[in-house]
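Peer 1: After the sequence you'll find the predicted model.
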Amino acid sequence: MKQVVVWFDGSCPLCRREIEFMRRLDKAEAIEFVDVIATEADCPLDKGLLLARFHALEGEHLYSGAAAFAAMWRAIPVLRPIGVAAKNTYVLAALEWLYVAFLRIRPSLQKLASRFE
């Protein structure tokens, strides 16, 4: 069984690039990456919710947003220090603020990224 399960938007060019990068870093294959768009498997939440924000399951804990990224990072040795730092309330709050800011500009970035596919 994988250490972390990550759900991502396989129709998003930004998401696909990010996940491909994480797959390359995940040399121990500790993460199961699930494309919400392509999967037929049951998901822990409505697919619309999974597509609206990044989600990850670490152990029995389902995380969303920056906390989900931190869970994924903890499974990758080179990124683990950032993921562990995010257990600090203030660090996680700052990362969540950045994540929410990113979500606001995500549609524009998706259009730009799709031009380079």
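Peer 2: Perfect, thanks for sending it.

Peer 1: Tell me the spacing between residue 110 and residue 47.
Peer 2: Remark: distance between residue 110 and residue 47 (CB to CB, to the nearest Å) = 18 Å. All C-beta spots, glycine's among them, are computed from the backbone N, C-alpha and C.

Peer 1: Which stretches in the protein count as strands?
Peer 2: Per DSSP state E, the chain has strands spanning 4-8, 31-35, 55-58, 61-64. These are given in chain order.

Peer 1: Output the ones you listed as JSON lines; include the columns mean pLDDT.
Peer 2: Compiled in JSON lines, the strands of the chain are given as follows (pLDDT from 0 to 100):
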{"stretch": "strand 4-8", "mean pLDDT": "95"}
{"stretch": "strand 31-35", "mean pLDDT": "95"}
{"stretch": "strand 55-58", "mean pLDDT": "96"}
{"stretch": "strand 61-64", "mean pLDDT": "96"}
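
Peer 1: what residues does the lowest-mean-pLDDT helix or strand in the chain touch?
Peer 2: With mean pLDDT, DSSP states H and E as the measure, the helix or strand of the chain carrying the lowest mean pLDDT is helix 47-52 (a mean of 88). Counting contacts by CB atoms under 8 Å, 6 or more residues apart in numbering, the residues outside helix 47-52 that touch it are 7, 9, 36, 37, 43, 55.

Peer 1: Pull out the buried members of the residues you listed.
Peer 2: Judged by neighbour count, with 16 or more other CB atoms under 10 Å as the criterion, the buried members of those are 7, 9, 36, 55.

Peer 1: Put the alpha carbons of stretch 60-68 into CSV.
Peer 2: C-alpha atoms of stretch 60-68 as CSV (Å, rounded to 0.1, in the frame of the first residue of the first chain):
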residue,chain,number,x,y,z
GLU,A,60,-6.2,7.9,7.6
HIS,A,61,-6.2,11.7,7.2
LEU,A,62,-7.6,13.4,4.1
TYR,A,63,-6.0,16.7,3.4
SER,A,64,-6.9,19.6,1.1
GLY,A,65,-5.0,22.5,-0.3
ALA,A,66,-1.6,23.3,1.1
ALA,A,67,-1.9,20.6,3.7
ALA,A,68,-2.4,18.0,0.9
